[in-house]
Each structure stands twice: as C-alpha cells, then as structure tokens.
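>>> Just need the structure, nothing else, for what follows:
(2 chains)
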Amino acid sequence: MTPIIELRNVTKHFGSGRDRVTAVDSISLDIEPGEIVCLVGESGCGKSTTGRMVVGLLPPSEGQILYQGQDIASMEKADYQQYRRAVQIIHQDPYASLNPTQTVRQMIVTPLLRHQTLGASRNGGGRRGRRRNVERRAAELLEIVDLTPVSDFLDKYPHQLSGGQRQRVSVARALTVEPRFIVADEAVSMVDVSIRVSLLNMLYRLKDEFDVTFLFITHDLALAKYFAWEGRITVMYLGRIVEEGPTPRLITDSRHPYTQALLGAVPEADPELAKKKVHIELRSAEIPSLLNLPTGCTFHPRCPYFVPGECDLVVPPLDLIPDGGSVACPVRMSEPGQIV
Amino acid sequence: MSQSTDLSWHQDAEENGSRPPLSLQDVHVSYRTRKGSVQAVRGVTLDLQAGESLALIGESGSGKTTLGLGIVRLLVETAQVSPGKIIYRRDGRELDVLSLAEGPLREFRWRDCAMVFQSALNAFNPVLKVWDQVWDTAKAHRWNNREEVRERFLDLLRFVQLDPDRVIDAYAHELSGGMRQRALLAISLLLDPQILILDEPTTALDILTQRTIIDLLRRLKEDLHFTMLFISHDLAIAAELADRVATMYAGQVVELGPVEDIFYRPRHPYSLGLIRAVPTVTGGFEELSSIPGSPPDLINLPTGCKFHPRCPFASERCSREEPALEKVGDNHYAACWHTDAVQEDIERNGLRGKRRA
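Numbering: from 1, shown residues only, chains lettered A, B, ... in the order given. A predicted model of the protein is given here:
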C-alpha cells in the first residue's frame, strides 16, 4: 500500500549562520492509511516541527514529504489544495486556537461553505438549500465530537466553553473538510485529567468511523501507550529518531537508552509501581543546546552506556531489530530493556 | 552530593510535641465577581502533621491552589477568607494566621511557611541575579550577615544538585526550566521554613527533568523529614511523593487518607474516577474511562453532593443532602453516601479497567 504520508530524510533548520539550529535532522517515516503513529519526545526534540511540516504549515529545509506518493513541494495547485484539505492539525492550546469573536456555529459553518464539500448541486435547492445542508452538517459534526445537545453549543463563544469542549470544537472544525489524516499535536495535554480519556476515545472512534489516519504528538508516554497500543511509537531526541516500533514492544522492551530513561523516569500514578520502577541514572541532567549539538550520537554526553571513540564519533544509523521496529544505538540494540 | 551538605538546621519534628504544625479549621474562601460569589474553597478541615508530605489533588477549579495561597495569605484582594481558621504552631507557640498583622505575617511567610510557585520562571525577578534576590530575601528577614547567607545558599544549591558558581550569579533566563525549579527550591529553603508548600512542582517540565525534581523532593521527604504540602492535578506526583492524599472537588476535601488507601482502596467515586482515568506507562494495556460531564460552576453549585451530576453512584439522596467526611478506615475519610457501593464496585470490576497483555 502507498503510505498516506511519507517523510524522506526531512530536515528543518531555523535561523541562519551561527544562530542556525537544526530542529529536525534527516528523519524518515512512513505512515500507512489507518495507522496510528505516535511521535514522542521532550520539548525541543522536533516533534511539533515535524507535525507542522506534515500539515504543510512549514516547508522542510531538505528532504521530501509525500502525500499518497506525491511530493507536496512539486504538486499541481489542485492536488496541493486537495492535500491541504485532507491533512489537518489539532493544536495543543484550545484557548489560543479558536477565534474568540466567533461562535461555534460560525467556526464550523464557514469552512463548510468555503470548501463547498456540500455543494448545492448535491442536494438541489440553490443557495438556501445549501445553507440548510451546511447547518445540518454542522449539527452532525458537533454530535460526532459529543457536543450534545447540539443546540446548547452552536451559539456559544469559546470563552463560554471548557478546555475539553473547546478541543472538541477544534476537532469538529478539522472534520468540516473531511480529512484523511489528522496531526494531533499535544491535543489533550491542556485538558483536565478526568476528561482526557473521553477525548482520546472520541479521536479513536474517528479512526474507525471516518478512516482517519493519526499522527499523535505527545510528550506523555502513558497517553501514547493508551492511544497507540495498536499502532507505533516513534521516539525523537534532539531532532532525530532514536527508536521506533510497535507500541507494546517499545513500552515493554525498549532498546535505546534514551527511551529506557524516559520510560523509567515517567512518574506513575500508582505508589507500588512508582517504588518498583528502575530509574536509569544519566551522566548529565541537562539537555544539550540545539545551537551546539554533541557530535556522533547526540545522547552520548548523558548516556550511561557511552562508549568513548564510538558514540561520540559516529552518528548511529536507525537499524531494524528482529522484535519489531528499529533502534539507533549499535551498543544496546540487542539488549532487552524491561523497566520493572 | 548529600554528604557535605549540612541541613541539620532543619527543625526537629518533635519540638511541637504531637501537635500538627498546621491546622486548617473549616476554611472557606470565596472570590467576589460581577456574576456573583465564586466559592473556591468550602469548609476544609485538615491537619498537616510534622514530617509528613500531604498531596492535595484535584482538577482545575477544585480549589487546591486557592487553599495553598490562602495558607500564606497571598490571595488577591477580591478573595475573602471566612469563616475558618488557619492555626500555625512552632516551638510551642500558636499563631492564628488569618489575623496576623502585616509585620508578623511577613515573618511567618518564608521563615515558617515557604511556598514554591507553579511557574518557576515567573517566580524570579528577571532583572536581578539569583544571588541578589536571595540577599534581598535574607535582609527582609533581618539576616544581615552577607557571608553567612552566601555560605548557606551555596550549600543549598549543592543540595539541589546545581553548580553553585554557575547559578548564584545568573539571571533566571540563563537557567533551564529544571535548573530554575531547583534554584527556586533552594531559595525556598533559605530561611529554614518549617512547612513547604509546593504548587504543581513538576508541571510543564520535561520528563527527565521532572524525575530529578521528584528525586530531590523525595530526599527532602525521606532524609530530612520535611513537612510538605503538594498541590497537583497530577496523580503521579501524589503516588510518588505523598504519605497522605486529600482529593479535592468543588472546594472541598472529598477523600482523605494514606496514599495506599487512596490509590488502592478509594472510597469516593471521584477518587476512583480519577484513578480509572489515568494511564500508567508500565505494564500492558489498560482500559480507561473518563468521568462524564465537566467540573461544576463554582458560582451556581449543584445541590447536595457537588459531584452527583457526574457520579455513576449517585442516588436521589445525593442531590438533596451533602455528605460530610466520614471515617471509612484507619485515618481514611470519605464524603460520600455510597462508599460501600464504591468498594463493591472495585471488588467486582477491579480497581482499574481490564488489562490486555
């Protein structure tokens, strides 16, 4: 099958000269239709930059991004427009991503009218008929994202909604253009704990009911595990992919020392588990600056398994491992890595 | 790094006898707004025991931060703390915090009760070096021996595992988020407070940085037996660091108990709901379920139990009568008419959802 999204050696620089930082450093990633892929890493690892490039909000500095096998940089205008519609993003902050002066109705109806996904010709009835169709569709979309009864929400402004409700509006707004692919960038991070799961479950339902493929970006490994249990997790560190693989393997038997350090460090909402967990001692607590990245493996100054003369010289390739996925660490790739 | 740091200055927990250093008695806090009175904290009664770490957990709007700020009297002017009493005890003397005059209040803050705020960047003055802020603080508390203060602060910086020479003359923006949080912790310990209040100490920090802060706080707790009050929306912080947990909902403590009881034998539907909503990383897949609905409007609170509109155990009684905290086990209290039903539900369905390997 042709991947719906494919990244080929994608690099993104910001700034120039001495101030140039490489936010994403030659990453490659295939995402098949219907798949759920999680991009996990700490701040500054390039996960959000990657997400924004996938949606077309940022052009890559080098490398290609392909949508359904076509390079988005060299698409015909019509194809490009179709790609921009098909690939949508849900941003992290629902307090910043919605227009405060528009009602929910306006936010949903405007793109429906603009993108003519419900043309008058389809149902007849001219302009008024089209407006009616659009209103009906807006109501359907709000129902899909569980903002019911719909009449309670259509005329609300964002400030009258909770964080979780706003995020549902963002999702409904993304759905107006019938996307095939959604980048969810920390989409539930700012939502109260008790409501997160229902948002995740709603997103998950979209995958099945509307055939949406997800790139789920998060710093929270526990959420990644929950959302992508049947998919894959890709771990980034300072702009590079250090490990990827099917979620169950990555969570229970990670190989890259950075992945292991992350998994061991995550605070657990379970006192016994919290006591039992093995924490990997790093050699340094500080993340290197993107302006002055370490040579070789960028994790080597912090890595407890550092091999002088090897890790600090050679950038480790992302090699396939037999248990599924790939790991960019020749030193540890065949060592099992349970954390409990 | 702990070897050389002499923190024996920390007050011995026994000096108050068995009396808790901090007692909250029926504390209410409301905010005046144009739409009406926001009842942020409604009748919290709680003792903070010497040497214990107590976690206040709850969602946004549960009143946990308001309560923390209320203890050090840093609430905005539109807030009104009444009725209620906050009693502080040290060396056999007793203070009524709410009636302290400006002078004694300034003495009380930091020296008796220090607070580490949520956002470490905003807690620093951006145009002063770290040392200048420390020196200001010491002088404000009439500690005028510059050498002594400096020595002490260098010790504290080593304790929080920072390079003292790099940090002491730095501006806040020159430090990373984790370094700032640690520096802030060091400053909060400067005057040897008896009580430390930490508001979301690890929120907005990266995972590996969170871990260094958690480990540091654990040392404060286990090695130095600091009396700490954690405020967090993150159950994991409570699981990692607390001896006791108080679950807050709509301005009230709805469950209070030892950390194992709250996490493994919760008796309030809200605590149970939170536990079932939060995934763990380790282990297989677990089914999660969220709590339906959203947190209540604090101006127009529901009748009866404030949780009843979202509660799967709610009965008709819940919408009429508000339950008070009742004893449900050793040191374990819950405010719910259906604590037995909660227990049965856990026995029948397990604490968390089904796991798939």
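
>>> Dihedrals phi and psi, the closest residue to A:Gly56 other than its chain neighbours?
Using Cβ to Cβ, 6 or more residues apart in numbering or on different chains and skipping the chain neighbours, the partner closest in space to A:Gly56 is A:Arg84 (5.6 Å). C-betas here are computed from N, CA, C, even on glycine. The phi and psi values for A:Arg84, taken as degrees, to the nearest 10, are phi -60, psi -30.

>>> Please name the residues that touch residue 19.
Looking at chain A here, since you left the chain open. A:Leu291 (Cβ atoms under 8 Å, 6 or more residues apart in numbering or on different chains).

>>> hm, I was asking about chain B
Counting by Cβ under 8 Å, 6+ apart, B:Arg19 makes contact with B:Arg89.

>>> in a strand, that's where it is, yeah?
No - counting by DSSP: H, G, I helix; E, B strand; the rest coil, one finds B:Arg19 to be coil, located in no strand.

>>> isn't B:Trp281 right next to A:Leu250, touching?
Just so we're on the same page, residue B:281 is Val rather than Trp. No - counting by Cβ atoms under 8 Å, B:Val281 does not reach A:Leu250; the two are 10.7 Å apart.

>>> who's more crowded, the two?
A:Leu250 (30 against 26; other Cβ atoms under 10 Å in any protein chain shown).

>>> Just say helix, strand or coil for the more buried one.
Going by three-state DSSP: A:Leu250 is helix.

>>> got it, and B:Ile197?
B:Ile197 ends up strand, using three-state DSSP.

>>> Look up how far B:Gly68 lies from it.
To B:Gly68, B:Ile197 is 5 Å away according to Cβ to Cβ, to the nearest Å.

>>> shared neighbours, the two?
Shared contacts of B:Ile197 and B:Gly68 (Cβ under 8 Å, 6+ apart): B:Met115, B:Leu229, B:Ile231.

>>> can you redo those residues as CSV with distance to chain A and neighbour count?
Below are the shared contacts of B:Ile197 and B:Gly68 laid out as CSV (distance: Cβ to the nearest Cβ, whole Å; neighbours: other Cβ atoms under 10 Å in any protein chain shown):
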residue, distance to chain A, neighbour count
B:Met115, 22, 22
B:Leu229, 18, 25
B:Ile231, 14, 26
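
>>> Make TSV out of these and add pLDDT.
Output for the shared contacts of B:Ile197 and B:Gly68, formatted as TSV (pLDDT from 0 to 100):
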residue	pLDDT
B:Met115	91
B:Leu229	95
B:Ile231	94
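
>>> just these now: which is nearest A:Gly51?
The closest of these to A:Gly51 turns out to be B:Ile231 (Cβ to Cβ; 31.9 Å).

>>> which residue ranges form the helices in chain B?
Along chain B, counting by DSSP state H, helices occupy B:64-71, B:102-111, B:130-140, B:146-159, B:164-168, B:177-188, B:207-222, B:235-241, B:259-264, B:269-277, B:316-320, B:339-349.

>>> Would you reformat those as TSV and include mean pLDDT and distance to A:Leu7?
As requested, these are arranged in TSV below (pLDDT from 0 to 100; distance: least, Cβ to Cβ, whole Å):
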stretch	mean pLDDT	distance to A:Leu7
helix B:64-71	92	42
helix B:102-111	89	52
helix B:130-140	92	42
helix B:146-159	92	43
helix B:164-168	90	39
helix B:177-188	89	29
helix B:207-222	88	24
helix B:235-241	93	33
helix B:259-264	96	41
helix B:269-277	94	33
helix B:316-320	95	53
helix B:339-349	94	43
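
>>> Among those helices, which comes closest to A:Arg168?
helix B:269-277 (16.8 Å).

>>> which residues are contacting that closest one?
A:193-194, A:196-197, A:269, B:57, B:235, B:247, B:249, B:254-255, B:262-263, B:266, B:288-291, B:307, B:310-313, B:334, B:336, B:338, B:342, B:345-346, B:351-353.

>>> cutoff 7 Å now
A:193-194, A:196-197, B:235, B:247, B:249, B:254-255, B:262-263, B:266, B:288-291, B:307, B:311-313, B:336, B:342, B:351-353 (Cβ atoms under 7 Å, 6 or more residues apart in numbering or on different chains).

>>> List the buried residues in it.
For helix B:269-277, burial by neighbour count (16 or more other Cβ atoms under 10 Å in any protein chain shown) applies to B:Pro269, B:Tyr270, B:Ser271, B:Leu272, B:Gly273, B:Leu274, B:Ile275, B:Arg276, B:Ala277.

>>> now swap in stretch B:107-115 and tell me
B:Phe108, B:Arg109, B:Trp110, B:Arg111, B:Asp112, B:Cys113, B:Ala114, B:Met115.

>>> Centre of the chain to that stretch, how far?
Centroid separation for stretch B:107-115 versus its chain: 15 Å, with Cα atoms, centre = their mean, to the nearest Å.
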